[in-house]
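Chemist: show me the folded form of this:
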Amino acid sequence: MTTVLDSLVRALRDLFQPRVLWVVIWPMLAAGLLWLVLAVTFWTTFSGWIALGLDKLGIQTWLTGLEPVWIANGIQALLHVLFYVPLVYLTALVITALFGMTALIRIVAERHYPELKRENGGSFVGSLWNALIAMIVFVVLWVVTLPLWLIGVGVIVPFAAAAYLNQRLFRYDAIAEHASAAEMAALFKNARSGWWGLGVLTGLVQFVPLLNLLGPVFAALAFIHYGLARLAQQRQL
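Modeler: All right, here's what the predicted structure looks like:
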């Protein structure tokens with residue numbers, strides 16, 4: 001647990017370096033622009049999907065009967081925003097994991113782990129495959145737990161989903177350059193509780209307004225610090 005907390009503190013210190021701030025900004029901008037274009041282009045389709053989902057839950061009929069009409073329209077517009085924001089955040093996470101990690105690893109390694117040998121046990125294909133699995137499981141987790149919202153238990157779903165996504169998405173890339181394939185497998189197995197603990201704590205950030213804009217890179221930095229620290233410890237055994 002000490003390594004997890006130390007990784008969070010180090011990540012916070014590194015977060016406001018000028019070289020890091022650019023990695024904070026561009027994934028969010030790219031994700032926001034991507035989903036804005038998709039939302040404008042496929043607005044009717046997305047609206048139809050949302051209406052279908054509301055109809056399945058029995059909410060669409062209630063909305064249709066609301067008076068005045070602007071209230072129903074306002075609620076539906078709010079639902080569009082509620083879907084848009086998580087999609088932007090999720091996409092920014094993936095962009096950071098796939099394209100921002102190399103720069104972040106270089107910054108962290110040069111400053112904190114200059115003597116740690118690089119074994120290059122991972123690959124871009126492996127990173128892509130890992131991200132794909134993380135996304136699929138994340139979406140499935142949301143879909144299969146939708147009924148839980150009807151009985152009030154659904155409130156835990158976003159936290160559990162965020163914890164899973166962060167630990168699955170970032171742990172591979174955090175050590176892919178420095179660890180060998182065997183070392184990666186060992187760290188995934190032996191440090192499982194640490195990865196999950198870090199996933200839970202970094203996942204909470206995405207639910208805090210404004211701080212969530214820093215969430216993807218903060219999570220990436222924390223996982224890099226944790227992964228490299230555990231790798232260094234493992235090599236000393």
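Chemist: pretty sure Gln206 is touching Ala162, no?
Modeler: Yes - counting by C-beta atoms under 8 Å, Ala162 is a contact partner of Gln206 at 5.8 Å. C-beta coordinates here come from the backbone N, C-alpha and C atoms, glycine included.
Chemist: show me where this protein has its helices.
Modeler: Assigned by DSSP state H, the chain shows helices spanning 2-14, 18-41, 43-56, 60-64, 69-95, 101-112, 124-144, 157-175, 181-190, 192-205, 215-236.
Chemist: and of those helices, who's closest to Arg118?
Modeler: Taking C-beta to C-beta, helix 101-112 is the member of the helices of the chain nearest to Arg118, at 8.3 Å.
Chemist: that closest one: how far from the chain's middle?
Modeler: 19 Å (C-alpha atoms, centre = their mean, to the nearest Å).
Chemist: before we move on, what about stretch 23-41?
Modeler: Chain-centre distance of stretch 23-41: 15 Å, with C-alpha atoms, centre = their mean.
Chemist: so what touches that stretch?
Modeler: 15, 46, 80, 84, 87-89, 91-92, 95-96, 99-100, 103-104, 213-214, 216-217, 220 (C-beta atoms under 8 Å, 6 or more residues apart in numbering).
Chemist: list the buried ones in that stretch?
Modeler: Going by neighbour count (16 or more other C-beta atoms under 10 Å), the buried part of stretch 23-41 is 23-24, 27-28, 30-32, 35, 39.
Chemist: closest one of these to Val144?
Modeler: Closest approach between the buried residues of stretch 23-41 and Val144, by C-beta to C-beta: Trp35, at 23.8 Å.
Chemist: how far away is the closest one from Leu90?
Modeler: Trp35 sits 10 Å away from Leu90, going by C-beta to C-beta, to the nearest Å.
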